[in-house]
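K.L.:
from the sequence below, what's the structure:
(2 chains)
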Amino acid sequence: MKVYTGGGDRGRTSLFSGERISKTHDRVAAYGELDELSAILGALTAALEGRAPQVLKEVQDIQYVLFDIGALLATTPESPSFAALKKIDEETIAALERRIDRLDAELPPLKSFILPGGDMTAAWAHIARTVCRRVERRMTGLAEEEGMEDDLQPARVYINRLSDYFFVLARYCNQITGVPDVVWKR
Amino acid sequence: MAEEIFTTRLRARRWLSPDTYEVDMDRPDRFHFRPGQHIRFDHEGLEREYSPVSTATDAVITLCVRDTRTGNFSTALAHAPQETSFRFSGPHGYFLYTPSSRPAVFAATGTGIAPFVSMVRSGVTGFLLLHGVRTAEECFYESLFRTAARGYVPCLSGAGKPADPPDAFYGRVTDYVAGHLPSSPCDFYLCGRQEMIRDITFLVDEHFPQSRIYSETFY
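P.N.:
Now for the predicted structure:
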């Protein structure tokens, strides 16, 4: 199957549920930014290769979840396709929260602000964190505009926790690579 | 979460025309698909994707293949002896029929008809099918579609012949959509050449507001 059809060459695109919408639509921006986040995680996993296999596996698992969320964003809730999609469940969120807690427990207490940076792996994790926040903002706007609050709520919570995960992961990456966090100074 | 690889064997081959054939291959017990999905073969360095024309419950996976005679997978499959073993992954894709209150328009070029054959054999009815082919002899599944469709239009790009169906349209599928479909919301299912999908997509954007488009490029 070819990758391209050319059907989007005039500024409109097809949703997973079949509707044609402008590429400037918030829905397209939302799943596009989610795709950007997943691509950043690809860079993070490349940087983690051979250094932290367990973390690498975790991040790849997150990419799969992001793919599921992307499908939700690309589908209108009233379409039959939406019902068939995999939703974010409470256990997925709870597992992420447990992982945040476990990573955080291995880190020294945070006594001041830190600046994004340090080891390359930590730097990618910080970028992921900030894009995560942007995705959350975009999803919130979409949910409000399209009346999708209930449909997107679990995914939105997951993305919110994910940014916390990447904050902790950035510090963890610096710790396991022996690079100190960059501490903010007045 | 690595994709599962299945092994199958070639059981039978039937030539439908000088360059197009059907093959039956064993359906592995663990392999399940939904009509419209496709499978990906990886055979001695040759890769190719096909949508079965069989149903999800048939004992065999049946494919409709055009031998492009360029030394690719379709040629290898055209000459492979019975019992030859092949490996494939799948099912892939989301080209699935979704019933709705809007009329369904299926549009295919050549062997891009395959997913629609599987859908119809699985019980889908009541659609309009536009099938773009060179000659009427390439409408291999005509009787099946005439039974299930509310409308079936062979769109012939070659020269007309006396034996052509009386309701044949001489021109491209795109021409039929542009000139003969009333401008109202429809669910368009497009499978075939990239140019057909692109051109119908543009027509839908301009003349069929509130429509849906589901497409799969096939070449």
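
K.L.:
output the below-cut-off pLDDT ranges for chain B.
P.N.:
Residues of chain B meeting the criterion pLDDT under 70: B:1-2, B:219.

K.L.:
what sits up against the helix ranked longest in it?
P.N.:
Selection of the longest helix in chain B by residue count, based on DSSP state H, yields helix B:194-207. Residues from elsewhere that reach helix B:194-207, judged by CB atoms under 8 Å, 6 or more residues apart in numbering or on different chains: A:2, A:4-7, A:9-10, A:12, A:14, A:20, B:107, B:109, B:132, B:172-174, B:177-178, B:183, B:188, B:190, B:211, B:213, B:215, B:217, B:219. Yep, even glycine has a C-beta here, placed from its N, CA and C like the rest.

K.L.:
what's near enough to touch the closest residue to B:N72 other than its chain neighbours?
P.N.:
Spatial nearest neighbour of B:N72, chain neighbours left out: B:L46 (5.9 Å); criterion: CB to CB, 6 or more residues apart in numbering or on different chains. Residues near B:L46 by CB under 8 Å, 6+ apart: B:72-73, B:76.

K.L.:
which ones among the residues you listed map onto helices?
P.N.:
Reading helices off the contacts of B:L46 with DSSP H, I get B:73, B:76.

K.L.:
tell me the one of the contacts of B:L46 nearest chain A?
P.N.:
B:F73 (13.5 Å; CB to the nearest CB).

K.L.:
right, and that closest one touches B:R40 too?
P.N.:
No - under the criterion of CB atoms under 8 Å, B:F73 is not in contact with B:R40, lying 10.2 Å apart.

K.L.:
for the closest residue to chain A within chain B, what are its contacts?
P.N.:
For chain B and chain A, the shortest gap (CB to the nearest CB) falls at B:R212, measuring 2.9 Å. Residues near B:R212 by CB under 8 Å, 6+ apart: A:17-20, B:100, B:102, B:186-188.

K.L.:
which one of those has the most neighbours?
P.N.:
B:F188 (27 neighbours; other CB atoms under 10 Å in any protein chain shown).

K.L.:
output the host helix or strand of it in CSV with nothing but the alpha carbons.
P.N.:
Taking DSSP states H and E as the definition, one finds B:F188 inside strand B:187-192. Only the C-alpha atoms of strand B:187-192 are listed here, as CSV (Å, rounded to 0.1, in the frame of the first residue of the first chain):
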residue,chain,number,x,y,z
ASP,B,187,-19.7,7.3,2.7
PHE,B,188,-17.0,6.8,0.1
TYR,B,189,-14.9,3.7,0.3
LEU,B,190,-12.0,4.1,-2.2
CYS,B,191,-9.5,1.3,-3.0
GLY,B,192,-7.1,1.4,-5.9
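
K.L.:
what about B:S89, how many neighbours?
P.N.:
16.

K.L.:
that one reaches B:F6, doesn't it?
P.N.:
Yes - assessed by CB under 8 Å, B:S89 is found in contact with B:F6 at 7.2 Å.

K.L.:
if we can go back for a sec, between the contacts of B:R212, which is nearest B:Q82?
P.N.:
B:F188 (39.1 Å; CB to CB).

K.L.:
now do the contacts for the closest one.
P.N.:
Applying CB under 8 Å, 6+ apart, the residues near B:F188 are B:105, B:107, B:200, B:204, B:208, B:211-215.

K.L.:
how far is the helix or strand where A:L142 lies from where the chain is centred?
P.N.:
If you go by DSSP H and E, A:L142 is part of helix A:120-146. From the chain centre to the centre of helix A:120-146 is a distance of 6 Å (CA atoms, centre = their mean, to the nearest Å).

K.L.:
which parts of chain A are strands?
P.N.:
Counting by DSSP state E, chain A has strands at residues A:12-14, A:20-22, A:114-115, A:182-183.

K.L.:
likewise chain B?
P.N.:
Using DSSP E, the strands of chain B run over residues B:5-17, B:20-26, B:38-43, B:46-50, B:60-66, B:85-92, B:104-109, B:128-133, B:151-156, B:169-170, B:187-192, B:212-217.

K.L.:
partners of the fifth one, with directions?
P.N.:
If I follow you right, that is strand B:60-66. Strand B:60-66 has the following sheet partners, assigned by DSSP bridges: strand B:20-26 (antiparallel).

K.L.:
kindly report the same for the longest one.
P.N.:
Partner strands for strand B:5-17, per DSSP bridges, with pairing direction: strand B:20-26 (antiparallel), strand B:85-92 (antiparallel).

K.L.:
cool, and the fourth one?
P.N.:
Sheet pairing for strand B:46-50, assigned by DSSP bridges, gives strand B:38-43 (antiparallel).

K.L.:
buried residues, the partner strand. List them.
P.N.:
B:38-41, B:43 (16 or more other CB atoms under 10 Å in any protein chain shown).

K.L.:
likewise for stretch B:42-60?
P.N.:
B:43, B:48-56, B:60.

K.L.:
same check, this time on stretch A:41-52
P.N.:
The neighbour-count check on stretch A:41-52 (16+ other CB under 10 Å) flags A:41, A:44-45, A:47-48, A:52 as buried.
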